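**Q** What follows is a predicted structure for the sequence shown.
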Amino acid sequence: MDEKREAIEAIVDERRADVTEAAREDERIQFVIVTLAGRLYAFFGTAVIAIAKVRDIVPIPGTPDYIPGVMYHQGRVESVIDIGKIMGLEVTPIGRKSRVVIAVSDNVYSGVLVDAVEDVVDLPRSGIFAPLETIGPEIGEFVAGETTHGDRSVVILDLARIFDRVLEQGDELA
């Protein structure tokens, strides 16, 4: 009788694990979808603190070209990083739709300059895929995955990796 009970408990545990895995697959993750050089990219919503209009960005002498300067936002002076330059993308002039996404990762708190913020969406975990091998090596290290928005492909960027690169390059300059 104990063997039968153990077999039934094993089946119940297996089915419980299947239900848990299915729930995990349907878990929704928030993304901020942005445009950089005409392509769609996304940041994990957990990393985004705010989205701000581009105000006067004050250049800081001696900083690398991927740091256009600082700007004032809600009582704070925020550094601004142009990740398009870090990733080797085509330079796009700041326009009416340009935004600064205020983001945080570990101990880094900074603004990220983007051409436009397209949407803030909750997507199912099952809708996130491994990045295509056709992604160039200059951005490959920053890519966390891919998804779709409407009928367009979206590359998911890991801001923590980008911020780490900025910190590493800053250490090399010091």
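**A** Great, that's in hand.
**Q** And the helices in this protein, which stretches?
**A** In the chain, helices defined by DSSP state H lie at 2-25, 83-86, 137-140, 159-173, listed in chain order.
**Q** so which of these comes closest to Glu118?
**A** Each of the helices of the chain has some distance to Glu118 by C-beta to C-beta; the shortest is helix 83-86, at 15.4 Å. Glycine gets a C-beta too; all of them are placed from N, C-alpha and C.
**Q** Just the buried positions in the closest one, please.
**A** Ile83, Gly84, Ile86 (16 or more other C-beta atoms under 10 Å).
**Q** what comes into contact with that helix?
**A** Contact with helix 83-86 is made by 36-37, 65-66, 90-92, 112-115, 157, 162, 165-166, as judged by C-beta atoms under 8 Å, 6 or more residues apart in numbering.
**Q** Closest one of the residues you listed to Ile102?
**A** Proximity of those to Ile102 was ranked by C-beta to C-beta; the top entry is Val112 with 7.9 Å.
**Q** need the contact list for Lys45.
**A** Heads up, residue 45 is Gly, not Lys. The contact partners of Gly45, by C-beta under 8 Å, 6+ apart, come to Ile29, Gln30, Phe31, Val32, Val120.
**Q** Does the third one touch Tyr41 like I think?
**A** No: contact between Phe31 and Tyr41 fails when scored by C-beta atoms under 8 Å: they sit 9.6 Å apart.
**Q** Overlap in contacts, these two.
**A** Both Phe31 and Tyr41 are contacted by Val154, Ile156, under the criterion C-beta under 8 Å, 6+ apart.
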